[in-house]
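Peer 1: With the sequence up front, the predicted model follows.
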Amino acid sequence: LIGQYYDNAAHIERSQLRIDYVMMSPELAKRCTGATIFHNETTDGLSDHYPVGVGIREK
């Protein structure tokens, strides 16, 4: 997870897997519990993008 891309992305190693983002408000980001990229045999052939999942805590 990163905050603002222009402040924090410089330290992230470039990867072909990191091609999509999940955008959310600062309020919603505070409730974010994690993120994952679904990269497996099933998703390998679906697209040049991998599905992204985000966990968000209820209010």
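Peer 2: Yep, it's here. Just so we're clear, the structure is a prediction, and the values are computed from it rather than from any experiment. Residues are numbered from 1 along each chain as shown.
Peer 1: need the contact list for the spatially closest residue to Ala35 that is not a sequence neighbour.
Peer 2: Among residues not flanking Ala35 along the chain, Val54 sits closest, at 5.0 Å (C-beta to C-beta, 6 or more residues apart in numbering). Heads up, the C-betas are built off the backbone N, CA and C, glycines and all. Residues counted as contacts of Val54 (C-beta atoms under 8 Å, 6 or more residues apart in numbering) are Val22, Met24, Cys32, Gly34, Ala35.
Peer 1: So which of those residues are in strands?
Peer 2: Cys32, Gly34, Ala35 (DSSP state E).
Peer 1: Just give me the neighbour total for the second one.
Peer 2: Just to be clear, that refers to Gly34. By other C-beta atoms under 10 Å, the residues close to Gly34 number 9.
Peer 1: next one: the last one
Peer 2: Counted with other C-beta under 10 Å, residues neighbouring Ala35 total 13.
Peer 1: can I assume it is in contact with Gly53?
Peer 2: Yes - under the criterion of C-beta atoms under 8 Å, Ala35 makes contact with Gly53 at 6.8 Å.
Peer 1: hey, where'd the helices end up in this structure?
Peer 2: Listed in chain order, the helices of the chain (DSSP state H) span 5-8, 26-29, 41-44.
Peer 1: Pull the number of nearby residues for Asp48.
Peer 2: By other C-beta under 10 Å, 6 other residues sit near Asp48.
Peer 1: ditto for Ser47
Peer 2: 8.
Peer 1: With Lys59 instead?
Peer 2: 5.
Peer 1: Let me see the confidence value for it.
Peer 2: You'll see Lys59 listed with a pLDDT of 88.
Peer 1: Mind pulling up the pLDDT for the closest residue to it other than its chain neighbours?
Peer 2: Once flanking residues are discounted, Lys59 sits nearest to Arg31: 7.3 Å by C-beta to C-beta, 6+ apart. Listed pLDDT for Arg31 reads 95.
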